[in-house]
Structures are given as structure tokens and as C-alpha cells.
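Enquirer: Task: produce atomic coordinates for the following.
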Amino acid sequence: MPHPLFERHRELLTRAVQAIRERSYWSAFPESASPKVYGEGAAEAGKAAFDKLLGQRFPLTQPATVGDVAGERSPFGLALGVTYPKPDIDGLFAAVGRAHDTWKKQDPETWAGVCAEILTRINKASFEIANAVMHTSGQAFLMAFQAGGPHAQDRGLEAVAYAWDEISRVPGKAHWEKPQGKNEPIRMEKRFRVVPRGIALVIGCCTFPTWNGYPGLFASLATGNAVIVKPHPGAILPLAITVRIAREVLAEAGLDPNVVTLFAHEAGSPVAQELALRPEVRIIDFTGSTANGRWLEEHARQAQVYTEKAGVNQIILDSAADMKAVARNVAFSLALYTGQMCTAPQNIYVPRGGIDTAEGHLSFDQVGEALADAVRKLTADPARAVEVLGALQNEGVLRRLEAARSLGTLILDTQAVAHPAFPEATVRTPLIVRLDTADRATYLNEWFGPIAFVIATADTAESLAIARDAVRGHGALTLSVYSTRDDVIARAVEVAEDAGVALSINLTGGVFVNQSAAFSDFHGTGANPAANAALTDAAYVASRFRVVQHRVHV
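Expert: Modelled structure (predicted):
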């Protein structure tokens with residue numbers, strides 16, 4: 001008899017599996033923060049729940065707690081003052097190991113049903129989580145609500161759907177009969193058991209703690225693995241709320257809540273490496289720097305490691321039917337969350353001789369000025385600008401901004417913006433610098449933050465060649481092309497497929513290159529150095545379990 005939680009969410013899971021097969025638009029969790037969707041007073045209740053956490057010890061009781069951890073600071077200047085249980089590593093692993101032993105014995109319907117229940121309850125806490133995401137990542141509230149709430153929840157459900165779909169392909173038993181001519185056939189009864197790989201470790205990031213954290217968390221949980229969630233020390237609260245909800249669901253279902261645990265630590269601690277090398281850890285999900293991702297891939301040999309690392313995202317400008325629309329779209333992509341997105345564009349390749357547009361030929365300098373002017377218009381009103389830009393999450397972005405100002409000719413300098421509601425917030429507009437193809441040592445490195453390079457190339461053929469080599473050698477999550485010529489678009493598609501990067505073509509409306517939709521877009525390909533997996537496909541879940549059989553003559 002399937003678990004009651006599976007029966008409760010059977011329709012949701014069935015629809016999610018349909019969505020991953022169709023890849024058309026579908027969302028389980030509404031992205032609108034309207035009271036009509038989430039109910040009157042939901043926003044106020046969520047804010048009150050968030051406020052109640054401030055300056056307090058987070059309400060999470062876990063085994064092997066030996067102290068407290070604190071240190072988060074809101075990029076908007078709000079004093080958080082939240083403390084979290086500090087675990088003893090050996091003691092926590094002992095408790096998680098026991099929980100894993102009970103969790104792995106549950107059937108796949110239980111795994112899927114519990115995951116679906118956790119996600120639906122997380123959705124009810126979307127406003128609480130949105131405030132937590134906002135005040136740890138620096139995202140403006142609407143982005144924190146959408147990306148940190150429903151969009152992240154959709155990505156989590158997508159992982160559950162893939163896990164359930166893959167496991168469902170494995171029958172529980174089979175009768176095997178091989179004919180032997182005149183002799184009696186050989187008959188066997190075979191049983192097949194899905195066996196989880198082992199304890200999973202999710203290493204969170206500071207910019208998108210839930211959006212990047214939920215796929216790995218739920219992919220492992222839905223395949224029967226216990227999960228230790230290790231947030232970035234600057235963004236603990238959103239994942240702490242997530243773990244609290246998960247543990248509540250597990251306990252109410254009569255299961256060991258230590259199937260999901262939180263491992264909070266102070267900034268500067270090397271505990272991530274210590275955790276990653278534990279022999280009990282058999283799965284690792286990581287989002288962060290190239291150096292840390294490569295270290296995990298090279299050293300955590302006992303684990304299946306999934307990494308999303310840094311990359312150099314690129315735009316190829318060949319020609320345009322509507323240059324103003326192109327410039328507006330690119331400007332928004334550069335400004336959104338101040339470029340603190342793994343999908344944000346950095347390099348914009350423009351032929352040195354300029355481009356053709358419906359309004360006439362534009363020189364290279366005119367193209368650069370069109371982009372700069374679009375950014376100026378987008379960020380002219382501080383009250384509107386901060387809702388797009390958000391706030392800078394860490395000092396490293398400021399240091400890179402200052403360093404980038406001297407790399408070439410300034411097309412648009414970065415400006416400080418005073419936040420009307422949070423005067424202590426550090427807000428900056430995008431910086432645009434002119435470079436030449438000879439400056440490869442500069443533009444083939446990632447400059448994380450609101451930094452863009454407009455690079456003069458000999459022609460579009462050279463732009464495409466540089467883009468291909470950059471993806472192959474340094475990695476990228478996004479590539480974009482603007483052209484009115486079919487042959488250029490066809491060549492861009494060839495380059496993208498050859499290099500293994502997602503391509504966007506002539507985006508001028510309300511969709512931007514740095515956005516990715518669950519159940520439709522594959523985030524990353526696993527085919528270039530920026531990420532060794534895609535969010536989310538069958539390969540992302542299939543290695544989190546193995547099938548063990550036993551057979552007998554009958």
C-alpha cells in the first residue's frame with residue numbers, strides 16, 4: 001500500500017513527470033506574490049515569521065550540538081543576529097547514518113511522497129523564505145520571492161519528478177524463462193531493489209541558496225539518501241528554514257528527522273573540505289567557485305560529485321532588427337541582481353566595423369553607446385533601479401568593480417545608488433568596458449558582478465570562434481546571439497552544440513538570457529567546464545541510486 005503522502009501528492013507527481021517529458025510551460029507553484037494567489041495576509045505573516053527569527057537562536061533541535069554559530073549580515077544593513085546549532089561532526093554523522101539506514105529501506109513511493117509534502121509546505125512559507133533570501137543574498141524582494149521561492153520549489157519538484165520517473169523504470173520483480181528446446185525451460189524469479197548510494201552533502205552558495213540548493217537536496221532525498229545541508233556561512237537562514245520544514249514533515253510521517261540535517265559553520269572554516277572527504281559522504285552537490293569545485297572533483301573520490309562552477313557567459317552581436325529592443329534586453333540582463341548570477345552575460349562581441357540594423361549601420365562606438373544608454377535609462381530612478389539591482393552580496397564584487405575600471409576604455413562607469421529604504425545597502429550600476437580581441441587574458445576570466453566587456457572583433461566569424469573556444473576552455477552557462485541573418489544563426493547553433501552551451505537567439509522581449517525555467521530549460525549542460533551536470537535531467541538523478549537484484553531457480 002503506497003504511503004499516504006504519496007497518495008496525497010500522486011496527481012502533483014504525475015503532472016510533474018508529464019511536464020519533464022513535454023518541456024513546455026508548467027509551474028506547480030505560482031510566482032505571483034499577490035494576495036489573490038497566496039491569500040490575504042500571507043505576505044504580512046511571512047514577514048512577521050521572518051522578523052521573529054531575528055536576534056534569536058534558530059528553532060532547530062539536532063543531535064550532537066556542541067555550541068552556536070552566527071555571523072550572517074544582511075547586504076541591506078539589517079542586523080540578523082540569528083544563531084544556529086553547531087554540530088559535532090562525528091556525532092552528527094553517527095545520527096545521520098542511523099537515519100539513512102531507516103530511510104533507504106522505505107519504498108520509492110514514500111521517498112517521493114515525503115519530498116512532495118516538504119515542497120508544498122515550503123511553498124506555504126514562501127514569504128518567510130523570501131525575506132530570508134533577500135536579507136542574506138542581497139536580492140530585491142520580488143526576485144527573492146520568485147527565484148528563492150516558487151522557482152526554486154519548481155526546480156526541487158523537477159528533481160523529484162526525474163527521480164521518480166527513473167526509479168519507476170525498474171520493476172520490483174520479474175519472471176524469467178529461457179527456452180531449452182526439447183528440454184524444460186530454465187525458470188527464475190528475479191527481484192530488483194533500488195539501493196541509495198549513501199549520505200549526500202549539499203554545499204550551498206551565497207547568492208541563490210534555495211534555487212541552487214533544492215535540486216541536489218531533493219534529487220538525493222527522492223532517491224533514498226539522507227542529506228546534510230551545509231549552507232554558505234553568509235546565507236544560512238533560507239536553508240535553515242528549509243531543513244526545519246523537512247524535519248517536521250519527516251517526524252510527522254513517523255520517520256527519523258535526521259534524514260535531513262543542517263551543518264552551519266563560521267566564515268573561514270575549512271569544514272566543507274572535511275565534510276566532503278568523509279567516507280560516509282557518497283554524493284556531493286556544489287555551487288560556487290571554480291577552484292572549490294575542481295578541488296571537490298579531484299579529491300572527493302569516494303563521492304559522486306555534481307558541480308556548478310564559474311564560467312564566461314557571452315553575447316554575439318551581429319545585426320539587429322530593433323537595436324533599441326536589443327539594448328534594453330541586454331541592459332536588463334547586465335543589471336539584474338547586479339550581475340551576481342551564474343548565467344549573467346559578461347562578454348559582448350561586436351565587429352570592429354559595426355553592425356547593420358533596421359535603422360541603418362551603427363559603428364562599434366554607437367553600439368557601445370546604445371548599450372550604455374539603455375543601462376542609464378534602466379537605472380536612472382533610484383527607487384526603480386534598486387528593485388532590479390538589489391544589493392552587492394560581498395566585498396569581492398566591489399574590489400572587482402574597481403579593478404575592472406582600469407582594464408580598458410570606459411564605455412559606462414559604475415555608479416553608486418542610494419537605496420531609499422535601506423541606506424546602508426551597497427548598490428552599484430553595471431560597468432561597461434571596451435576591450436579588443438588581444439585582451440584575452442582579461443575577458444576569458446570570469447569577473448563576477450556587474451562587469452561587462454564590449455569586445456571589438458574582426459567580424460562575426462571571429463566572434464563565434466572566440467565564443468566557441470571560450471566555452472570549451474573556460475566554461476559558460478549561457479550564450480546569446482543577435483542577428484537578422486539565417487546563416488549566422490545556423491552557425492551560432494552549431495557552435496553552441498559543438499561547445500556544449502545553451503543558446504538564446506534574438507531575445508528582445510520579456511525573457512532574458514540569464515533566466516531559466518524549471519520543467520523546460522536545462523540549466524547547464526554538463527558538457528563544458530562550467531558545470532558537470534544539468535539541472536535537471538535523468539543523468540542528474542540516476543547515479544544517486546543503484547539497482548541490486550537477487551534471483552532464484554523455480
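
Enquirer: Taking the centroid of the protein, which residue is nearest it?
Expert: Centrality entry for the chain: nearest residue to the mean C-alpha point is Asn212, 2.8 Å, by CA atoms, centre = their mean.

Enquirer: ok, for that one, nearest residue in space, not its chain neighbours?
Expert: Thr287 (4.1 Å; CB to CB, 6 or more residues apart in numbering). Quick note: C-beta positions are derived from backbone N, CA and C, even for glycine.

Enquirer: Same question for Met341.
Expert: That would be Asn514: by CB to CB, 6+ apart, it lies 5.0 Å from Met341.

Enquirer: I'd like to know how far the one you found sits from Ala28.
Expert: To Ala28, Asn514 is 23 Å away according to CB to CB, to the nearest Å.

Enquirer: who are the neighbours in contact with the residue nearest to Met341?
Expert: 313, 333, 336, 341, 343-345, 478 (CB atoms under 8 Å, 6 or more residues apart in numbering).

Enquirer: Now secondary structure too, for those residues, in JSON lines please.
Expert: As requested, those are exported to JSON lines (DSSP: H, G, I helix; E, B strand; the rest coil):
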{"residue": "Asn313", "secondary structure": "coil"}
{"residue": "Ser333", "secondary structure": "helix"}
{"residue": "Leu336", "secondary structure": "helix"}
{"residue": "Met341", "secondary structure": "coil"}
{"residue": "Thr343", "secondary structure": "coil"}
{"residue": "Ala344", "secondary structure": "coil"}
{"residue": "Pro345", "secondary structure": "coil"}
{"residue": "Thr478", "secondary structure": "strand"}
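
Enquirer: Select only the buried ones of those residues in PyMOL?
Expert: PyMOL command restricting these to the buried ones, with burial defined by 16 or more other CB atoms under 10 Å:
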select buried, resi 313+333+336+341+343+344+345+478
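
Enquirer: Of the contacts of Asn514, which is the nearest to Pro529?
Expert: Nearest to Pro529 among the contacts of Asn514: Asn313, at 12.9 Å, using CB to CB.

Enquirer: Can you check the pLDDT for the closest one?
Expert: At Asn313, the pLDDT value in this model is 98.

Enquirer: can you check Met1 too?
Expert: 68.

Enquirer: what does the one 10 residues further on give?
Expert: What the model reports as pLDDT for Glu11 is 98.

Enquirer: what number of residues lie near it?
Expert: Using other CB atoms under 10 Å, Glu11 has 9 neighbouring residues.

Enquirer: What helix or strand is it located in?
Expert: helix 4-22 (DSSP states H and E).

Enquirer: before we move on, what about Arg193?
Expert: strand 183-196.

Enquirer: Given that strand, what are its sheet partners and their directions?
Expert: strand 173-180 (antiparallel), strand 545-553 (antiparallel) (DSSP bridges).

Enquirer: Now find how far off-centre the shortest one is within its chain.
Expert: Mean C-alpha position of strand 173-180 versus that of the full chain (CA atoms, centre = their mean, to the nearest Å) differs by 45 Å.

Enquirer: again with the longest one
Expert: Taking CA atoms, centre = their mean, one finds the center of strand 545-553 at 35 Å from the center of the full chain.

Enquirer: Kindly report the same for stretch 62-81.
Expert: In terms of CA atoms, centre = their mean, the centre of stretch 62-81 is found 23 Å from the chain centre.

Enquirer: thinking again about what came up before, quick one: buried residues of the helix or strand that the helix holding Glu11 is followed by?
Expert: As assigned by DSSP H and E, the chain's next helix or strand after helix 4-22 is helix 35-38. For helix 35-38, the neighbour count (16+ other CB under 10 Å) marks Tyr38 as buried.

Enquirer: okay, helix 35-38 in CSV with CA atoms only?
Expert: Extracted in CSV, the C-alpha atoms of helix 35-38 (Å, rounded to 0.1, in the frame of the first residue of the first chain):
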residue,chain,number,x,y,z
PRO,A,35,-2.9,38.0,-2.0
LYS,A,36,-5.3,36.5,-4.5
VAL,A,37,-2.8,33.7,-5.0
TYR,A,38,-1.3,33.1,-1.5
